[in-house]
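Trainee: got a predicted model here, sequence first, then my questions.
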Amino acid sequence: MKTLFTRTLAVLATLSTLLAGSAGAGTAAARPAPSTAAGLAASWSGPLSTSGRYVVDAAGNRFKLRSGNWDGAQGHWLGSGDTADPANHEHGEPSADLPLGLDRAPLASILADLHALGLNSIRLPFSNAMIHQTALVPDAAVAANPQLRGRTALQVFDAVIAALTADGFAVILNNHTTTARWCCGLDGNERWNSGQSTEQWIADWVFLAGRYKDNKRVVGADLRNEVRRDTWDDPNWGWGDAHDEYAAFEAAGNRILQTDPDLLIVMEGINWQGIPLDGLPHGRPMLTPVQNLSNTLIRSGKLVYSAHFYAYTGPNHSGATGLGETHDPRYQDLTPAQLAQVVDQQALFVTRAGQHFTAPVWISEFGATGRGATDPKERAWLDAFTDILVAADTDFAVWPLIGWTRDGVPQDNWALLSYDPAGTRLGIDDPGDWRAADWHRLVDAPGRTGPVPPTPRWNMLGLDHADLDTSERMLALPDWDSGARKGSCPDTERLTGLARSDGRGLCTDAGGPARTAAPYQVVTDERYVTGGDWASGYNKLQCPDRTFAVGFSVRGNAMSALLCAPAANALPTGGHNVWFDHGDNRPASGGSTGSDWAPGYYKGQCADGEYLAGVAYTWRWLHGGVPDALLCRPLA
């Protein structure tokens, strides 16, 4: 299999080049993985943000997420039988709803072992139930850490976070489950609102964001794990109903950022839709819907997308064996070239520069069965998948980090580190674990380091079903066009494009301009049309001179108002019309020209060096008041 993969290195090299986009300055030399708390803590400072496809630290240096999942606080109980019986817990490892291993090894020892793996960040799963538990954890659950006795599960979670961050690790919180039960399948944890309301789910996130706000090494909120179909209903991306992951994640992300504006917001794609039966529609969309409907947050430098890949699942395979198994190929059945293509289509395309969806992609779960496993397909898959991650310089988090051993044998041979009741460790670097070579090739891989210059952003405004006000200034004010659907760009961006008939817009910060603290202006008529009639016979909404459009509103799909922001410096007038009533009219080059932010509808877009000053529309000829033309003026 390795020989076959060698013949596809050219494919992966091309993939790496595409994903790098406009990388700018920086070095591709390997940065040695810090192996001590002092080394890691000194190597970066929080909070983290994004610049194009990269996560960056507070100094603007690339911070590649070399992560692992320390699971347990989300629950290990399998959902039936006595919770005191280890046989009723995944891998026979009761977690007591705590990060696994606190009964077996001191925190300091576990952290030292995590440093030795070369990690700089930890994905820390939790359940909503854990947040609300009032009972104290059993003494036996923290036997190796007696200082944690007499605490609730959340208080132990606090202590683990404090220890991790004091040692220099970045921590990303992951809402894994609603109930304290092992994921996944039909387990009652399928969606963010399984077993709880969307509002309660958001409230729990707001609570955690406030709880850890002062700790700048708690860097992210991973909103929900593996959203999937329940017995009757699929999740969707953009339908505007109670199962709309796109809308729920956007709402949660913005509420979290209003509480702690420094957190990364991590959005995983849809893990499963459809009924896994041959002949019926089904599959793993992952991030594919993002190419036409991406998210916009009130802080545009905070969005990270994520995806999961395992050998036993597939593009249209749930991973089931027996009941629920289909004849679709698993990822391990694909050739290395096919696997590289699928991973790009389902996830890594998001990292391409200059699009409305451009963002870092974090492969927040992947892994393989290690010590004692003999499946040649799984081994070949991990080898090929590791090469993809290395070639694309991709952020990652292995699943899982911690497990138990019994009589020297791992109870969960997926874990990279396993401990016996006396705290003796069996790790991936001890003899007999075939994954060690791939792990070190991944964690020590060369990649982009150093400063990442700020890059222009393009973000969608989708008013398909509801308001999308992403301006913090406007969110603090009363409704600026009552009864209409409204969209406003983040406070650092301006409106640069509109689509006909579907309420979609495009924002950017390319080229500025700077704005003042003066109030925004809502324009509902032609009183500010100056310099002549630039669209004779059409209704026009035009921003006052020295202002530029930062939002719009629609009734049905007809134009209702423009939202205009004052510029700090004089803006040129004049400009030109961009008509898009008979076809797309977007710049030949520049931002988001290689992506479709309003599928099936004509779009108009100003050039990157222009600002949108006005919109023309008509009710004649059955046009229905939808945008027909833009007035684009030069920024300088």
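Mentor: In hand now; what should we look at?

Trainee: can you give the distance of the helix or strand containing V55 from its chain's centre?
Mentor: V55 belongs to strand 54-56 when assigned by DSSP states H and E. Distance of strand 54-56 from its chain centroid, counting by CA atoms, centre = their mean, to the nearest Å, is 13 Å.

Trainee: what packs against the following helix or strand past that strand?
Mentor: Once the chain leaves strand 54-56, the next helix or strand it forms, by DSSP H and E, is strand 66-69. Under the contact criterion of 3 or more CB pairs under 8 Å, 6 or more residues apart in numbering; DSSP states H and E, strand 66-69 touches strand 121-127, strand 170-177, strand 361-365, strand 395-398. Yep, even glycine has a C-beta here, placed from its N, CA and C like the rest.

Trainee: any idea which of those gets closest to R406?
Mentor: strand 395-398 (22.3 Å; CB to CB).

Trainee: after the closest one, which helix or strand is next?
Mentor: Trace forward from strand 395-398 with DSSP H and E and the next one is strand 402-406.

Trainee: residues in contact with that next one?
Mentor: For strand 402-406, the external contacting residues (CB atoms under 8 Å, 6 or more residues apart in numbering) are 70-72, 91-93, 99-101, 104, 110, 410-415, 417-420, 424, 426.

Trainee: ok, now stretch 577-593?
Mentor: 354-356, 456, 458, 496-497, 500, 506, 508, 510, 534-535, 602-608, 616, 623, 627-632.

Trainee: ok, 7 Å please
Mentor: 354-356, 456, 458, 500, 506, 508, 510, 534-535, 602-608, 628-632 (CB atoms under 7 Å, 6 or more residues apart in numbering).

Trainee: ok, what's across the strand from I122?
Mentor: Beta-bridge pairing for I122 (DSSP bridges): G68, V171.

Trainee: now swap in the one 5 residues further on and tell me
Mentor: The residues listed as beta-bridge partners of S127 by DSSP bridges are T177.

Trainee: how close does it sit to R224?
Mentor: Distance, S127 to R224, by CB to CB, to the nearest Å: 11 Å.

Trainee: before we move on, what about I428?
Mentor: 29 Å.

Trainee: the more surrounded of these two?
Mentor: R224 (27 against 22; other CB atoms under 10 Å).

Trainee: tell me the contacts of the more buried one?
Mentor: Counting by CB under 7 Å, 6+ apart, R224 makes contact with 175, 192, 268.

Trainee: buried subset of the residues you listed as a PyMOL selection?
Mentor: The following PyMOL line selects those of the contacts of R224 that are buried, judged by 16 or more other CB atoms under 10 Å:
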select buried, resi 175+192+268
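
Trainee: could I get the contacts of R224 as a markdown table with pLDDT and distance to D167?
Mentor: Shown next, in a markdown table, are these (pLDDT from 0 to 100; distance: CB to CB, whole Å):
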| residue | pLDDT | distance to D167 |
| --- | --- | --- |
| N175 | 98 | 24 |
| W192 | 97 | 31 |
| E268 | 98 | 26 |
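
Trainee: make a markdown table from the contacts of R224 and add distance to A518 to it.
Mentor: A markdown table is the format used below for those (distance: CB to CB, whole Å):
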| residue | distance to A518 |
| --- | --- |
| N175 | 40 |
| W192 | 39 |
| E268 | 40 |
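
Trainee: quick one, strands of the stretch 251-400 of the chain?
Mentor: Taking DSSP state E, counting those that start in this stretch as the criterion, the stretch 251-400 of the chain carries its strands at 264-268, 273-274, 282-283, 303-308, 361-365, 395-398.

Trainee: so what touches the last one?
Mentor: In this structure, residues lying in contact with strand 395-398 by CB under 7 Å, 6+ apart are 55, 64-69, 123, 360-367, 389, 416, 442.

Trainee: in that strand, what's buried?
Mentor: Under the neighbour-count criterion of 16+ other CB under 10 Å, strand 395-398 has 395-398 buried.

Trainee: stretch 526-545 too?
Mentor: By neighbour count on 16+ other CB under 10 Å, the buried set for stretch 526-545 is 528-529, 534-535, 538-543.

Trainee: now do stretch 88-102
Mentor: Neighbour counts over stretch 88-102 (16+ other CB under 10 Å) mark 88-91, 93-102 as buried.

Trainee: same question, stretch 420-437
Mentor: By 16+ other CB under 10 Å, the buried positions in stretch 420-437 come out as 420, 425-428, 433-436.

Trainee: now do stretch 269-279
Mentor: Of the residues in stretch 269-279, 269-274, 276 count as buried by neighbour count, 16+ other CB under 10 Å.

Trainee: tell me which two of those sit farthest apart.
Mentor: G269 and P276 (17.8 Å).

Trainee: just checking, what packs against the helix ranked longest in the chain?
Mentor: Secondary structure of the chain per DSSP state H: the longest helix is helix 376-392. Of the remaining helices and strands, those touching helix 376-392 by 3 or more CB pairs under 7 Å, 6 or more residues apart in numbering; DSSP states H and E are helix 2-6, helix 9-20, helix 336-346, helix 436-443.

Trainee: what's the next secondary structure element after the last one?
Mentor: Spelled out, that is helix 436-443. Tracing the chain past helix 436-443, the next element assigned as helix or strand by DSSP H and E is strand 458-462.

Trainee: tell me what angle that next one forms with strand 303-308.
Mentor: Put simply, strand 458-462 runs at 80 degrees to strand 303-308, going by axes from the mean of the first three to the mean of the last three CA atoms, to 10 degrees.

Trainee: which residues make contact with strand 458-462 from outside it?
Mentor: 293-294, 296, 300, 355-356, 468, 487, 489-490, 493, 504-508, 591-592, 597.

Trainee: after that strand, heading C-terminal, what element do we hit next?
Mentor: Remark: after strand 458-462, the chain's next helix or strand is strand 468-469, criterion DSSP H and E.

Trainee: how far does that next one sit from its chain's centre?
Mentor: On CA atoms, centre = their mean, the centre of strand 468-469 falls 19 Å from the chain's centre.

Trainee: the residue nearest to the spatial centre of the chain: what's it in contact with?
Mentor: What sits nearest the mean C-alpha location of the chain, by CA atoms, centre = their mean, is Y305, with 2.3 Å. Applying CB under 7 Å, 6+ apart, we find Y305 in contact with 267, 269, 287, 290, 350, 359, 361.

Trainee: same thing but 6 Å
Mentor: Residues near Y305 by CB atoms under 6 Å, 6 or more residues apart in numbering: 267, 287, 350, 359, 361.

Trainee: unless I'm mixing things up, the second one is touching G269, no?
Mentor: Yes - L287 sits in contact with G269 when judged by CB atoms under 6 Å, with a separation of 4.0 Å.

Trainee: ok so, going back, is it possible to export the buried residues of strand 395-398 to TSV including pLDDT and distance to V554?
Mentor: Shown next, in TSV, are those (pLDDT from 0 to 100; distance: CB to CB, whole Å):
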residue	pLDDT	distance to V554
D395	98	37
F396	98	41
A397	98	40
V398	98	46
